[in-house]
Every structure is written in C-alpha cells, then in structure tokens.
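Peer 1: coordinates only, no sequence provided:
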C-alpha cells in the first residue's frame, strides 16, 4: 500500500509542475526587469514556485492579482527572492504573521487588497516583516482610525497608499517614523474631514498628496511645504480653499467642489502649471487670482457658468497652452479675448450656445492653435469663416451643430496641417472636394449627404486617409460613387465590408442596402439615349459661339491608348469637365482654371468618349475615340459636335466568348481522339483468349487465423482455369477467393507455403462452383 501511494505521488508531481508552467507566464520587460504573471487564473492559494526546478526563484515581480486567494500562510514565499508583489483584487481575510519573513530583505513594493468585512487593522506581518519596503499599497481595510507606530519599522517607505480603507481619523503622529522620507501619500475614497490639515503640516518632504473623495469642507496648509508638487482635493464638497504655503505646487485639482470666486483665498502659486476647476461655481476671477509672470499652461473651467464679460479676463496667461471653457452657457466671445494667450494650442468650447462667430474671433492665436473643439454650440455656416484663419490647425471638431453648407471649396485645403475633421451630426448637404493631403480622419456621419465629391484623384491625394465615416447619410449609389466604393474595398477588412453602415437611399432598387454589400456592376448611371444625344448636340451647337469667345482654343488629342491631353486658353472662371463614356456619364471633375491643360488618364481602349468643358453652365464638347491597345497605334477622331454613341465593347466581349468556347471544344475532341487511338493499340497488343477466363468458384473464408491462407499444391492455375471455364457471361458480382492447402498434399511438395489473396469474378452460377483443392505458386504471377 505505501508503495502504491509513492507511485501515485511520483506520477502526479510532473503533472502539477507542468500545470504551473502552463498557468503562469514569465518574461522580461523593456527596462530589463523580469516578472512572473499569474493574474486572473482563479487561484485559491499562492502556487508553490519553489517546488518547480524550472522556475528562477530570483525575479523582480510576481503578479497574482484578480484571483480568489483569501489567506497567505507562513511558507507561501519560501525560497523566493522577489522585489515587487502585486495581489490586488483578492480580498484577503488573513495573513500569517511570518508570511513575508522570507522576503524581508528583498521586497520593495507590496500591493494588497482586503475584505473590509473581516480585516479592520493593518496585519502584523506588514508591520514587522517589511524592513526594506519602499512602496506600500493597502486597499479595502476597514480601519476607521490610523494609530501611531504602524510604520515604525519601515525606514525606507517613500510611497504609501491607503485608498478605500474607511479612514475617519488619523493620529497626529501616525506618520512620525516616516515623515522624513515619505514623498507620495494617497488617501482617496475615505471619510476624512478638515482635520487632515493638522496631520499634513508635519510632512514637509511630501511631493504628492491626493485626498479626493473625502469630506473636507475646507483646506489650508498650515506650514510651508516647498516640495509639494501635486495636490488633489477633488470631490470633497470643498467650500473654502487657501492658496498659501505651496510656492512650488505645479498641479492643483479641485474639481467637483462647491467653490466660488470669493471662497478661493490668495493667488495661484508662481510655479503652478495645471489648474483644474471643473464643476464648481466660479463665474469670474478675483483681481489678484492670476498674478503676473505665472507659469500656468493648462486651465480647465468646465461647467462653472463662467462669464466672458471682458476681453482682458485672461490677462497674464502668456504661457497658457490648453484652455477648457466647455458647458459654461457662453453666448459671445469678446473681440481680442485671445490677444493675451498667444501660446494657446488647445481650445475647448463645447456645449456653449454661441451666437455667430466673427471673422476676428481668433485673432492672436491664428498661428499657435493646433486643436479646437466647438461641439454642440449651435453654430451655423455663417460662423465658418472664423476658422479659416487657423492655418496651423491639426484637429477640427464641429460635431452636432447646424451646418448646412461649407464654402468655399478650398475651405479645408488652406489648413495644410489638418489631420482630423469631425463634422458629424450636422445638416450638411454637400462638402468641399479639396482637402489637405495630411488628412487622416474624416467624420461625416449623420448628415444629409447624397452625392460626394470623391474621385479617384481625390483619394490619390488623400493617401494618408485612414478613417472615413459616412454612417446615416442618404447616399446615391450610382456610377459616381465608384471611387468611394473602391476605397471602401481596399481600406476595410474584406469580411467587414458588407457590414459598414454606408446606406444607399437612391436609386430605388438599392434603397436601404449597404454600399459594401453591392457588386460594382450594380453601381450604374442611366444611359444617355440616342434621341437625347441629338437634342444635346443642338444645345451644344447653340452655345459654341459663346464658348468660343470664352475659350479662344480648346483641343483634345491622345497621348497614348489610355491617356488624353486637354488644352485650353487661360480663363478666370471655374472649370468643370463632364465625361461621357459610351453614353454613360462619369463623375464630374473640377479642373484648375489657372492651368491650361489636363491629363485624362486610365481611358478604356476602343471606347467612345465625349469630353465637355463647362463654364458658367455653358459647354464646349469634343468627341474622342480610343484605339485598341497597341504600342504604336494612335487613332484620333475629333469633332465639334456630339455623335451618337456606339457600343463596340459588348460585341468584342461576345466574340471573345464564342472564340473561347470553340477552342475548348476542339481541345476536348483532341483528347478523346488520343484516348480512342490508345485503346485500339492496347487491344491489338493484348488480345483476349478463351483460356484467360477465370474460374467461377465459391468463396472460402478461414474462420480461425489470418485473413490470408497458406496454400500449396502441384496444380497450376491454367489447368484449373481450363477445367472450370465457361462461356456464359458473368452475371454475379466479384467476390474474394480464399484457398487453403489440405493437411496432407502431394502437389507442390517441395515448394514453400504461399499466401494467396485474389479477387476472382463470377463467371457462372454458384451451384456449379467447387473450391479447388490447392493452388501452386505460379512462376512469375502474384
């Protein structure tokens, strides 16, 4: 019995080790530190790493977070040499007092989370066995009070976090043993009140203090702390704030309090770089709040009902880079407001019911501004010229406004640095066709766009475009949308293309369908009929005189079989090119009127084109026929009127199809002829003889032993075939024939036993069959 137990243990030990390797992953970070990651593995206890010979017991970090570990026993870390232990998300209920004794001289960072219904004190193991600890994070304790001498043996502690520990009071000398080295203190999500100020006055080396989500109603630092850099007093119901004794403070967060302009006493520290005042009741600044030569770079005043009563309210903010004035019920922006913030790069004015902006609104920040957001501001198209001066803008957000139209066509192209445009949830019916080549994101969802000015040339120019949103627009899915359709196919994963919510509204037969679910042949325009063409020719002829006055010359010729050159004299009015390909109208191209020529590329061979230059709703047309693709052949056919459109491409396709079918039939016939010739020669070379017919016999199966039977004897296959042959045609299905040698046989006595397994077809009825007594091995037959 003991031997059996030993064998079971011996067999299970490798399995447990293998499971441990599969359970936890190890690796090396970019900084060179190595770690073992066992998070989210449903562990109920700490794995026995020391029992596995493949694990390196000296590593920097062990991660056991988000498991079901409730107890840490004394030998849990036996043999380990780790610097950081992370066990958040485990809701510990108890820790053995010697649990960290093995790690006492190695552990520098410890993170633990407790069950607040069980643990109401800091365990003894933490107080006594962490002499080398530098960072301690304890969460979920139900402490109520933090007594003295808890951290007496932690002489190197620099970072202490006691978040969500239900702390209500802290003894005045609780941090006495670590007040000289403690630099970062986090007491968020507790029940502390204003008395915390008396405790903080002793922590003169403190650099970071976070006391958010407590019950402070006022805060005042009693003693000067020249080291404090970060102070977070948000979500406290703070009604009074004293800005004193914090000369080197760089970040101050007092959002979500009850502060007013009158209850902020003093001036911002001279070194302050970031001030967050969101969700208070600050309507203006006191005269001494913003001092001269301050260092403020970020100012956030969201949801304060802040008033922009005068243009000099931001005086002295010469270093300001980020300004957030969202949700303040601002209706007008005073002229010259930004003359004092010439370094401003980011401006947020979301959710303010603004009146129309003037073209001078952003004077002072035309060159510095990079990101601007005016979402849900009730802006109309009349306010757009104000943004045209921001030539270095990178991100423009105008979502959820009342924009109908964007003019001029070059509105965006003048912003050469633009990488993102957000125009979602407006009332746009059309958009400009020119965008800067730097554009990467274009959001146009939830508008009234039907026809989009996107051509192949547009997408070639927008080579960096990654995101294009056209959701909830009534798209017209005809031939003019093909460039957009091709972009969709090449920039989305093929399996996702049919589900992109670019919905067609026209034509009627495609209404409600996703553009990506359509085949390209479904995107077609109405064909121009012959009668209509004749009428159009008359209209064109009536306008030729006028056009010739506008175009002293307009010539078209072929550069090669796929490219045409259009040349005209200089005109000042906008030019458009209307192209008809075999009677189908292609998307309209907008030409640069300052140039005198245009290359029309990717023409189809053997196709009729009508090219019309349009200016002021007047057209001058030329007909062009491209030749068949030939490197040396160039055919030119020009006329000043439109002729009836021909359709040779369809006839060519039919000819190619018939030729291919004929060639296929000929190849098949040749193959059949070769097979017949081969069979005739084969039959001539190997004629069938009467003696070659096989015998009909019953099948004999060996019931004991192998499926093959040793057979032997002196009779030959030819003799047996002669004796048992028949000329009757075979009417039964073939079956397997087994032959077993008799116990005593005189035939083939000197020949070794031979295994014979052969399929013998029936040639006569089963009643005439008798198994042969024996078979001898044929000389050369198997």
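Peer 2: Okay, I see it. For clarity, every value in this text was computed on a predicted model and none was experimentally measured. Numbers count the residues shown, from 1 in each chain.

Peer 1: buried residues, stretch 418-434. List them.
Peer 2: Neighbour counts over stretch 418-434 (16 or more other C-beta atoms under 10 Å) mark 418-426, 428, 430-431, 433-434 as buried. C-beta here means a position set from N, CA and C on the backbone, and glycine is covered the same way.

Peer 1: typed the wrong thing, it's stretch 405-418
Peer 2: Using 16+ other C-beta under 10 Å as the burial criterion, the residues of stretch 405-418 that qualify are 406, 411-413, 415, 418.

Peer 1: chain center to that stretch: distance?
Peer 2: 28 Å (C-alpha atoms, centre = their mean, to the nearest Å).

Peer 1: from here on, call the first residue 10.
Peer 2: Renumbered: residue one is now 10, and that last one reads stretch 414-427.

Peer 1: so what touches that stretch?
Peer 2: Counting contacts by C-beta atoms under 8 Å, 6 or more residues apart in numbering, the residues outside stretch 414-427 that touch it are 379, 390, 393, 397, 399-405, 430, 437-445, 447-448, 599.

Peer 1: and the residues you listed, which of them are in strands?
Peer 2: 404-405, 430, 599 (DSSP state E).

Peer 1: please pick the buried ones from these.
Peer 2: In the ones in strands among the contacts of stretch 414-427, burial by neighbour count holds for 404-405, 430, 599, counting by 16+ other C-beta under 10 Å.

Peer 1: closest one of the buried residues of stretch 414-427 to residue 621?
Peer 2: Proximity to residue 621 was ranked across the buried residues of stretch 414-427 by C-beta to C-beta; first place goes to residue 422, at 25.6 Å.

Peer 1: can you point me to the longest helix in this protein?
Peer 2: Counting residues, the longest helix found in the chain (DSSP state H) is helix 657-694.

Peer 1: give me the distance from whichever strand or helix holds residue 492 to the chain's centre.
Peer 2: In this assignment (DSSP states H and E), residue 492 forms part of helix 491-500. Centroid separation for helix 491-500 versus its chain: 19 Å, with C-alpha atoms, centre = their mean.

Peer 1: over to stretch 104-114?
Peer 2: Mean-position distance between stretch 104-114 and its chain equals 45 Å (C-alpha atoms, centre = their mean).

Peer 1: first to last residue in that stretch, what's the distance?
Peer 2: Start-to-end span of stretch 104-114 (C-alpha to C-alpha, to the nearest Å) is 19 Å.

Peer 1: which of the ones in strands among the contacts of stretch 414-427 scores worst on pLDDT?
Peer 2: In terms of pLDDT, the weakest of the ones in strands among the contacts of stretch 414-427 is residue 599, which scores 79.

Peer 1: in stretch 152-164, what's buried?
Peer 2: Neighbour count says stretch 152-164 has 152, 155, 159-160, 162-163 buried, by 16+ other C-beta under 10 Å.

Peer 1: so what would you say the end-to-end distance of that stretch is?
Peer 2: Between the opening and closing residues of stretch 152-164 there is a gap of 22 Å (C-alpha to C-alpha).

Peer 1: kindly report the same for stretch 360-377.
Peer 2: Distance between the two ends of stretch 360-377: 23 Å, counting by C-alpha to C-alpha.

Peer 1: likewise stretch 460-469?
Peer 2: Its first and final residues considered, stretch 460-469 spans 19 Å by C-alpha to C-alpha.

Peer 1: report the separation between the spatially closest residue to residue 242 that is not a sequence neighbour and residue 286.
Peer 2: The spatially closest residue to residue 242, leaving aside those adjacent along the chain, is residue 263, at 5.1 Å (C-beta to C-beta, 6 or more residues apart in numbering). As defined by C-beta to C-beta, to the nearest Å, residue 263 lies at a distance of 6 Å from residue 286.

Peer 1: what are the phi and psi angles of residue 138?
Peer 2: Per-residue torsions, residue 138: phi -110, psi 20 (degrees, to the nearest 10).

Peer 1: without its sequence neighbours, what residue ends up closest to it?
Peer 2: Using C-beta to C-beta, 6+ apart and skipping residues adjacent in sequence, the residue nearest residue 138 is residue 109, 4.0 Å away.

Peer 1: residues near residue 596, how many?
Peer 2: The tally of other residues near residue 596 (other C-beta atoms under 10 Å) stands at 23.

Peer 1: do the same with residue 36
Peer 2: Summarising burial for residue 36: neighbours were counted as other C-beta under 10 Å, giving 10.

Peer 1: how about residue 510?
Peer 2: Neighbourhood size, residue 510 [other C-beta under 10 Å]: 13.

Peer 1: hmm, it is touching residue 480, no?
Peer 2: Yes. With the criterion set as C-beta atoms under 8 Å, residue 510 and residue 480 qualify as a contacting pair; they are 4.6 Å apart.

Peer 1: longest strand anywhere in the protein?
Peer 2: When secondary structure is assigned using DSSP E, the longest strand within the chain turns out to be strand 90-101.

Peer 1: helix or strand right after it?
Peer 2: Reading on from strand 90-101 to the C-terminus, the next helix or strand found by DSSP H and E is strand 103-104.

Peer 1: tell me the strands beside that following strand, with direction?
Peer 2: Each strand pairing with strand 103-104, determined using DSSP bridges, is listed with its direction: strand 80-81 (parallel).

Peer 1: ramachandran angles for residue 451?
Peer 2: Backbone dihedrals for residue 451, given as degrees, to the nearest 10, come out at phi -130, psi 110.

Peer 1: give the bridge partners for it, please.
Peer 2: Residue 451 has these beta-bridge partners by DSSP bridges: residue 430, residue 477.

Peer 1: ok, it - contacts?
Peer 2: Residue 451 is in contact with 429-430, 444, 474, 476-478, counting by C-beta under 8 Å, 6+ apart.

Peer 1: ok, those residues vs residue 281, which is closest?
Peer 2: Using C-beta to C-beta, the contacts of residue 451 come closest to residue 281 at residue 429, 30.5 Å.

Peer 1: which residue, neighbours along the chain excluded, lies closest to residue 593?
Peer 2: With C-beta to C-beta, 6+ apart as the criterion, residue 593 has its nearest non-adjacent residue at 5.4 Å, and that residue is residue 534.

Peer 1: contacting residues around the one you found?
Peer 2: Counted by C-beta under 8 Å, 6+ apart, residue 534 has contacts 487-489, 593-594.

Peer 1: buried ones from these, can you make that a PyMOL selection?
Peer 2: Per 16+ other C-beta under 10 Å, the buried members of the contacts of residue 534 correspond to this PyMOL selection:
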select buried, resi 487+488+489+594
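
Peer 1: now the contacts of residue 534 as CSV including pLDDT?
Peer 2: Below are the contacts of residue 534 laid out as CSV (pLDDT from 0 to 100):
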residue, pLDDT
487, 92
488, 90
489, 90
593, 74
594, 79
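
Peer 1: so residue 567 touches residue 620, yeah?
Peer 2: No. Because the distance of 11.7 Å does not satisfy C-beta under 8 Å, residue 567 is recorded as not touching residue 620.

Peer 1: any common contacting residues for these two?
Peer 2: Common neighbours of residue 567 and residue 620, counting by C-beta under 8 Å, 6+ apart, are 573, 633.

Peer 1: show me what contacts residue 249?
Peer 2: 226-228, 268, 272, 274.

Peer 1: ok, those residues vs residue 679, which is closest?
Peer 2: residue 268 (95.4 Å).

Peer 1: ok, now how distant is that closest one from residue 336?
Peer 2: Residue 268 is 16 Å from residue 336, where distance means C-beta to C-beta.

Peer 1: and residue 42, how many neighbours does it have?
Peer 2: Residue 42 sits with 13 neighbouring residues when counted by other C-beta under 10 Å.

Peer 1: a markdown table please, covering the contacts of residue 249 and showing neighbour count, distance to residue 354 and secondary structure.
Peer 2: As requested, the contacts of residue 249 are exported to a markdown table (neighbours: other C-beta atoms under 10 Å; distance: C-beta to C-beta, whole Å; DSSP: H, G, I helix; E, B strand; the rest coil):
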| residue | neighbour count | distance to residue 354 | secondary structure |
| --- | --- | --- | --- |
| 226 | 13 | 36 | coil |
| 227 | 17 | 35 | strand |
| 228 | 20 | 31 | strand |
| 268 | 21 | 27 | coil |
| 272 | 17 | 31 | helix |
| 274 | 14 | 31 | strand |
